[in-house]
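Undergrad: sequence and computational prediction follow.
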Protein chains: 2
Amino acid sequence: MNSIKIFAPATVANVSCGFDALGFAINAVGDEMIFTKTVDKGVTISKIEGAELTFDSRKNAASVVAWAMIDEAKPDFGIDMQLFKKVKPGSGLGSSASSSAGAAFGVNQLLGKPFSNLELTEFARLGEKAACGSPIADNVAAAIYGGFILVKSYEPLEIVKLPVPKELWVTVIHPQIEIKTEDARNAIHPTVTVANAVKQSANLAGLISGLYTDDYELISRSLEDVIAEPFRKKLIPHFDAIKTEGLKAGALGVGISGSGPTIFALSKGEKIAEKVAETMRNIYQNTAIDFNIHVSKVNLSGVDIINN
Amino acid sequence: MNSIKIFAPATVANVSCGFDALGFAINAVGDEMIFTKTVDKGVTISKIEGAELTFDSRKNAASVVAWAMIDEAKPDFGIDMQLFKKVKPGSGLGSSASSSAGAAFGVNQLLGKPFSNLELTEFARLGEKAACGSPIADNVAAAIYGGFILVKSYEPLEIVKLPVPKELWVTVIHPQIEIKTEDARNAIHPTVTVANAVKQSANLAGLISGLYTDDYELISRSLEDVIAEPFRKKLIPHFDAIKTEGLKAGALGVGISGSGPTIFALSKGEKIAEKVAETMRNIYQNTAIDFNIHVSKVNLSGVDIINN
């Protein structure tokens, strides 16, 4: 295999009660990337479309991942990367994670697949660190494993792949405003009451249980975030309206994707997910803010090879 | 049915990462109770063995539960209660919960089973309130439902019954010292860092996942409590030694049962649970503290009728 084209899904991290621990991948949006073996060793980037990112392969998040992998595997070839960016940077849909996970997967394929998914996640975290200063794992793990994942722990890194109920659909709206991850982080109080910690914990436990038992109502009752959302929602115009109307339209839950500004909703079935999209559209189309809406199944396979 | 004898299991609440949200019932210890229909209406207590508790049926935790149930169901008979207390008050094994859950179950039987398990849990919480001032649900729900339960929320009360891996065994050691629930509560900081809240949450999510997938290793790696144990363990002599040696002996996890002083260990299989019991015994028998040790399967049925 000398060249490979891949799809690296966008991801929703946090997922309300799963703050800093949960993530899932979506089918509707994702970066495309082409990796090609080169005679010259090292990593080059020959094309970037869709975003203004550096071509310096020692700085670009995705190629930082590629460098780390070839530094370890020491192949007798180099790798060129082409990046077709579809997940908008700063959207809250794991943009850097998508490219980083894509690079980990793609380079692993060209190397003959020496690395496990856990190792690929470790490599992809280096891209997260390059992009946003912190080697968070929730988005990259969701992109690599697909489906719902739990970041059980960081030291050592442990990822638990969770089951995905068959009729689970996602609606995401990306209002095109900028929220810096740093600002979103700073919005959150550094401490919480024990009562709220227990509430968040019990909700996450309920959500996990609902995923294992296909209990959509339990999933719905568990999608509540008492740690981040109360603070971060203030950074997202019309969040409360989107949430209220989304739930009225039948969504199981509505929350902030990653650190925002994208808002996600989970629904049982495509029909309700479309209806939720319509309510979101109705709210935002009367504003001056540009936005994108996507309706999608949860992505089950993670980063994958595409053949077109 | 004019009379019924029941077994009401002792329970382990909190379960490390499941602080204030998780509980399970055990087979080895439990209160026995006899409920008999009487011509005179109201609730009487004709016998209490094994503990010095009030015979005043308006104050005794178990009969408070019975009163609330007959006040609602208004049967044309009264109920007499005999209580053979085997779960020691103040042990941290849900002593008041055992009697309260037993009363809820037993009275429900004599009434012709009008109430659901969730309603029985609500009634039993009144016993907890009478006994310790707070209508906590984790112990009573574990005693009523059996197995592992999650208190998903309090308003409204929601209990999620969780699966129990077949080879899960419990070792409990009850050092006979007194820790007041109030002191145990006050030992805990009222706030936690967001980082620790996330850690606790992710561990609980890992434990729930392990219970659904029979993944004993994941259960083991998840049995970590960063909220209560670091403070409460100081109230329990030799806790650190019990934990260290218990883990060395092969326990999946060791933690504080309820608010202590009982320490529980979970193990895969009876053999390891017995070995853990031996290490616990070795540590405590060189001290001046009296203690009991029990090795048990997780109780799966909750409060149940006994026929002897």
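TA: Great, that's in hand.
Undergrad: where do the strands sit along the stretch 1-150 of chain A?
TA: For the stretch 1-150 of chain A, the strands defined by DSSP state E, counting those that start in this stretch cover A:3-13, A:22-38, A:43-49, A:78-84, A:148-154.
Undergrad: dump those to CSV, plus distance to residue B:104.
TA: C-beta: built from backbone N, CA, C; applies to glycine. Converted to CSV, the strands of the stretch 1-150 of chain A look like this (distance: least, Cβ to Cβ, whole Å):
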stretch, distance to residue B:104
strand A:3-13, 42
strand A:22-38, 35
strand A:43-49, 65
strand A:78-84, 62
strand A:148-154, 35
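Undergrad: to residue A:211, which of those strands lies closest?
TA: Closest to residue A:211 of the strands of the stretch 1-150 of chain A is strand A:148-154 (Cβ to Cβ; 6.0 Å).
Undergrad: hmm, the closest one in reach of chain B?
TA: Yes. Strand A:148-154 is in contact with chain B by Cβ under 8 Å from any Cβ of the partner chain, via A:150-153.
Undergrad: most tightly packed of the strands of the stretch 1-150 of chain A?
TA: Each of these was assessed for mean neighbour count using mean count of other Cβ atoms under 10 Å in any protein chain shown. The highest is strand A:3-13, with a mean of 25.
Undergrad: can you show me the CA trace of that strand as PDB?
TA: Extracted in PDB, the C-alpha atoms of strand A:3-13 (Å, rounded to 0.1, in the frame of the first residue of the first chain):
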ATOM      1  CA  SER A   3      -1.300   5.600  -0.700                       C
ATOM      2  CA  ILE A   4      -4.400   5.700   1.300                       C
ATOM      3  CA  LYS A   5      -7.400   8.000   1.600                       C
ATOM      4  CA  ILE A   6      -9.300   8.100   4.900                       C
ATOM      5  CA  PHE A   7     -12.300   9.700   6.600                       C
ATOM      6  CA  ALA A   8     -11.800  11.000  10.100                       C
ATOM      7  CA  PRO A   9     -15.100  11.700  11.800                       C
ATOM      8  CA  ALA A  10     -16.000  14.800  13.800                       C
ATOM      9  CA  THR A  11     -16.700  14.100  17.400                       C
ATOM     10  CA  VAL A  12     -18.800  15.400  20.300                       C
ATOM     11  CA  ALA A  13     -16.900  15.400  23.600                       C
END
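Undergrad: ok, residues contacting the helix or strand of chain A with the lowest mean pLDDT?
TA: Lowest by mean pLDDT, DSSP states H and E among the helices and strands of chain A is helix A:181-187, with a mean of 81. With contact meaning Cβ atoms under 8 Å, 6 or more residues apart in numbering or on different chains, helix A:181-187 is reached by A:132, A:231-232, A:234-235, A:259-260.
Undergrad: ditto for stretch A:269-284
TA: A:167, A:169-171, A:173, A:175, A:238, A:241-242, A:245-246, A:248-251, A:254, A:263, A:265, A:267, A:291, A:293-297.
Undergrad: any quick PyMOL command for the buried ones out of those residues?
TA: In PyMOL, this line selects whichever of those come out buried by 16 or more other Cβ atoms under 10 Å in any protein chain shown:
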select buried, chain A and resi 169+170+171+173+175+238+242+245+246+249+250+251+254+263+265+267+291+293+294+295+296+297
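Undergrad: from the contacts of stretch A:269-284, which ones fall inside helices?
TA: Among the contacts of stretch A:269-284, the members found in helices (DSSP state H) are A:241-242, A:245-246, A:248.
Undergrad: dump those residues to CSV, plus distance to residue B:121 and pLDDT.
TA: As requested, the ones in helices among the contacts of stretch A:269-284 are exported to CSV (distance: Cβ to Cβ, whole Å; pLDDT from 0 to 100):
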residue, distance to residue B:121, pLDDT
A:241, 37, 97
A:242, 36, 98
A:245, 35, 98
A:246, 32, 98
A:248, 31, 98
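Undergrad: of these, which is the nearest to residue A:162?
TA: The nearest member of those to residue A:162, counting by Cβ to Cβ, is residue A:246 at 23.0 Å.
Undergrad: which strand residues bridge residue A:45?
TA: Beta-bridge pairing for residue A:45 (DSSP bridges): residue A:81.
Undergrad: right, and it touches residue A:78 too?
TA: No. Using Cβ atoms under 8 Å, residue A:45 is not in contact with residue A:78, being 11.7 Å away.
Undergrad: and the stretch 51-200 of chain A, which residues reach chain B?
TA: So the stretch 51-200 of chain A meets chain B at A:150-153, A:158, A:160, A:162, A:188-194, A:196-200 (Cβ under 8 Å from any Cβ).
Undergrad: and these, which are buried?
TA: Looks like those have A:150-153, A:158, A:160, A:162, A:188, A:191-192, A:194, A:196-200 buried, using 16+ other Cβ under 10 Å.
Undergrad: which among those residues gets closest to residue A:64?
TA: In terms of Cβ to Cβ, no member of those lies closer to residue A:64 than residue A:151, at 20.6 Å.
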